[in-house]
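[1] Curious how this folds, go ahead:
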Amino acid sequence: MPDVKTKLRADLDRAGYYPDLVMEVLGVAVAGETVVSYLVHPETTFDQNEVRRHLTALVLTPTRLVVAHVDDGASAEGTPGAAATTESVPLREIRSVALTHGVTEPANPAEQRRTDELTVAVSWGAVQRVDLEPASCADPTCEADHGLTGVISPEDVVVRVSAQAEGSGALSGAMDFARALSAATAGGPTASRA
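    Below you'll find the predicted structure:
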């Protein structure tokens with residue numbers, strides 16, 4: 001049975017987005033620690049006449065969450081290039097793991113309902129999103145400027161995996177990773193990805 005690191009490499013190869021580069025930058029960031037679980041999520045976006053590729057890889061070790069982002073870019077010579085960034089977060093620093101399940105037929109018994117997508121949002125306080133809107137008062141005739149009001153939401157990494165877009169195997173892998181990360185950040189035992 002292949003080990004977790006071998007499965008990670010196979011999923012990077014399947015994603016097809018610079019797997020050698022991604023494995024290399026992950027290797028530097030993981031620094032010899034055991035890979036407990038992982039999630040590989042390739043994304044392709046279309047912007048007018050341009051196609052942009054992006055890959056997010058989340059790697060769980062016994063002590064850290066390693067996040068890799070790889071994006072298309074151009075080199076100084078104008079040839080194809082990429083930017084690969086990794087961030088290592090100690091598990092004790094993770095503030096929250098939010099899991100949003102998209103479910104079909106939620107009123108049905110467990111064996112008859114289906115999870116169609118999973119969004120994994122992990123926060124450790126490095127990035128926060130601010131949503132602002134004009135403030136108002138209860139007086140409908142008031143024309144005064146009441147400034148702005150808003151919400152600050154932590155948002156360090158968010159990955160959404162859909163069975164329809166990525167396949168049921170990718171969704172199953174995301175569920176396995178979510179379980180392992182939830183256990184690791186709760187102080188419980190981690191389970192390697194099957």
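
[2] what number of residues lie near Glu117?
    18 (other CB atoms under 10 Å). Placement of C-beta: from N, CA and C, glycine included.

[3] Can you check my assumption that it lies in a helix?
    No: counting by DSSP: H, G, I helix; E, B strand; the rest coil, Glu117 is located in no helix; its state is strand.

[4] Beta-bridge partners for it, please?
    Gly102, Ser162 (DSSP bridges).

[5] Can you pull the domain assignment for the protein?
    Per automatic domain parsing, the domain ranges recorded for the chain read 4-94+165-185, 97-154.

[6] which of these sits most buried?
    Sort the domains of the chain by mean neighbour count, taking mean count of other CB atoms under 10 Å, and domain 4-94+165-185 sits at the top with a mean of 16.

[7] A helix includes Arg92, no?
    Yes: counting by three-state DSSP, Arg92 is located in a helix.

[8] Can you tell me how far it is from Ala186?
    12 Å (CB to CB, to the nearest Å).

[9] same deal with Val35?
    In terms of CB to CB, Val35 sits 20 Å off from Ala186.

[10] Which of the domains of the chain comes out lowest on mean pLDDT?
    Note on the domains of the chain: domain 97-154 shows the lowest mean pLDDT, a mean of 82.

[11] what distance separates that domain from the centre of its chain?
    17 Å (CA atoms, centre = their mean, to the nearest Å).

[12] so who does the spatially closest residue to Pro134 that is not a sequence neighbour touch?
    Take Pro134 and drop its neighbours on the chain: the residue closest to it by CB to CB, 6 or more residues apart in numbering is Leu148, 6.2 Å away. Counting by CB atoms under 8 Å, 6 or more residues apart in numbering, Leu148 touches 132-135.

[13] Tabulate these (a markdown table), appending distance to Phe177.
    Formatted as a markdown table, these follow (distance: CB to CB, whole Å):
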| residue | distance to Phe177 |
| --- | --- |
| Leu132 | 33 |
| Glu133 | 35 |
| Pro134 | 40 |
| Ala135 | 40 |
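
[14] what does the helix or strand containing His54 contact?
    According to DSSP states H and E, His54 maps onto strand 50-60. Residues from elsewhere that reach strand 50-60 (CB under 8 Å, 6+ apart): 8, 12, 15, 17-18, 22, 26, 29-30, 35-46, 65-72, 120, 122, 157, 159, 177, 180-181, 184, 190.

[15] just stretch 68-84 next, same as before
    Here stretch 68-84 makes contact (CB under 8 Å, 6+ apart) with 17-18, 21-22, 25-26, 29, 52-59, 85-86.
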